[in-house]
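> Mind looking at a prediction? Sequence and model below.
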Amino acid sequence: MSFFYIGATLASVIGMPLSGTLLSLDGVMGIAGWRWLFLLEGLPAVALAAGVLWYLPDAPAKAPWLSDAQKDWLIRLLRTEADSSPVSHSTAWQDALRNRRVWLLALFWFLQAFATLGITVFLPLIVRSVSTESDLIVTVLSAVPFLFACVFMYANGRHSDRSGERALHLGVPLLAAGTLMIGSIYSGNQSLAYALLVVTIALSWAATPVFWAVTTE
């Protein structure tokens, strides 16, 4: 789960400085920089969507890069996992809504996403409020927290797996992140506020892979 989400955070590490570069195209061909940003970053997603629809197989049996033996093994494995699942695929959704753990996990994810996405979406504006540098510098500074997030996610996920403990690996990073977020607001020092935000974002993301490990368990 950590490696999977590292892909998402690395996208921000690469994408934010790229966005800053694209914003510098402001006025080229009479087009605003933010429009260039949406256009050029949207085109790869459209192309990838078409590629996925055309090339991605619907099942292991249709995957051309797998041998017949690999296809058979994977199909048997998926069937075995489905048969041994503690929850039937036919279980009514009403049962899920009556499950206390489902509501606790939903509340946890709501609160985690409320903070994490709020900072992530507005981070360039937050950095801009404490920096008079160019758009490129602002976006580079905005990408730094996600580099730390990659490290924190890996370390927290690995330690959680090795120790077999989940609750503290979920709660402690978020409690620390919330404390640091409050500290960044009232620090009164721009450099310190930025440093606290960097660690805040890294800690918030650190709980994400552990959360999804818990839901699958």
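That came in fine, so what should we check first? Numbers count the residues shown, from 1 in each chain.

> okay, CA-based contacts and neighbour counts for the rest of this
OK.

> Could you list the low-pLDDT ranges of this structure?
Residue ranges of the chain with pLDDT under 70: 86-91, 130-133.

> rerun that using 80 as the cut-off
Scanning the chain for pLDDT under 80 picks out the ranges 84-93, 120-136, 139.

> ok, I119 - how many residues close by?
Residues lying near I119 (other C-alpha atoms under 10 Å) number 17.

> typed the wrong thing, it's L141
Neighbours of L141 (other C-alpha under 10 Å): 20.

> got it, and H159?
Neighbour count for H159, taken as other C-alpha under 10 Å: 14.

> That one: helix or strand, and which one exactly?
helix 135-163 (DSSP states H and E).

> and the helix or strand just after that helix, how far from the chain's centre?
Next helix or strand after helix 135-163 toward the C-terminus (DSSP H and E): helix 167-186. Averaging C-alpha positions (C-alpha atoms, centre = their mean, to the nearest Å) puts helix 167-186 17 Å from its chain's average.

> Now helix 167-186: buried residues?
By 16 or more other C-alpha atoms under 10 Å, the buried positions in helix 167-186 come out as H169, L170, P173, L174, A177, G178, L180, M181, G183, S184.

> distance of the third one from L105?
Right, P173. Noted for P173: a distance of 16 Å to L105, by C-alpha to C-alpha, to the nearest Å.

> now swap in the second one and tell me
L170 sits 11 Å away from L105, going by C-alpha to C-alpha.

> What of the first one?
In this view, H169 and L105 are 14 Å apart by C-alpha to C-alpha.

> now for the lengthiest helix in the chain, which elements pack on it?
Secondary structure of the chain per DSSP state H: the longest helix is helix 100-130. For helix 100-130, the packing partners by 3 or more C-alpha pairs under 8 Å, 6 or more residues apart in numbering; DSSP states H and E come out as helix 135-163, helix 190-216.
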